[in-house]
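Participant: make a model of this:
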Amino acid sequence: MAERNPLVEEWIAKAEGDWDWTEVDLSLISPRMRDGYVYHLQQCVEKLIKARLLQLGQTFKKTHDLVALSRSLQQLDPGWSWGEDELEDLTVSGVMNRYPGFDTSTEELLELKEMASLLRQALLLRLGSNPRELP
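Facilitator: Reported below is the predicted structural model:
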């Protein structure tokens, strides 16, 4: 088994910390809290993509753009692919909802959570990590 990179592991741990925040009972999430909830979904996926890039020896610019990060990952890992529309939705929702004039409905929140959950599982698999193994 290959030696684990401590920096990659730290990015995974940070991503899982964001995911932990989203494991709260959705009935406890007020409309004013939805922006933070969606932000943590986006951050989890962003950090996992960055962890995978680091695992493959690639550095990256500071960005929240999941489409750009995913394209960079696909160049190094041709087996990786994800729908850019979904990545764009998660990026826009995670970043723009933190500003006035943007809101997320309960239905949108549930769709974003499902999308982020699938992305998280796919990325953890590529990283060789299992969420049950993480502290």
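Participant: from here on, contacts and neighbour counts on C-alpha atoms
Facilitator: Fine.
Participant: elements contacting the lowest-mean-pLDDT helix or strand in the chain?
Facilitator: Least confident element among the helices and strands of the chain, by mean pLDDT, DSSP states H and E: helix 84-96 (a mean of 91). Counting contacts by 3 or more CA pairs under 8 Å, 6 or more residues apart in numbering; DSSP states H and E, helix 84-96 packs against helix 34-55, helix 66-76, helix 106-127.
Participant: what comes up buried for the second one?
Facilitator: It refers to helix 66-76. The neighbour-count check on helix 66-76 (16 or more other CA atoms under 10 Å) flags 66, 67, 69, 70, 71, 72, 73 as buried.
Participant: residues contacting the second one?
Facilitator: Spelled out, that is residue 67. 84, 87, 88 (CA atoms under 8 Å, 6 or more residues apart in numbering).
Participant: now render those residues as JSON lines, adding neighbour count and distance to residue 121.
Facilitator: Converted to JSON lines, these look like this (neighbours: other CA atoms under 10 Å; distance: CA to CA, whole Å):
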{"residue": "84", "neighbour count": "14", "distance to residue 121": "17"}
{"residue": "87", "neighbour count": "24", "distance to residue 121": "15"}
{"residue": "88", "neighbour count": "15", "distance to residue 121": "18"}
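Participant: good, we can wrap up now.
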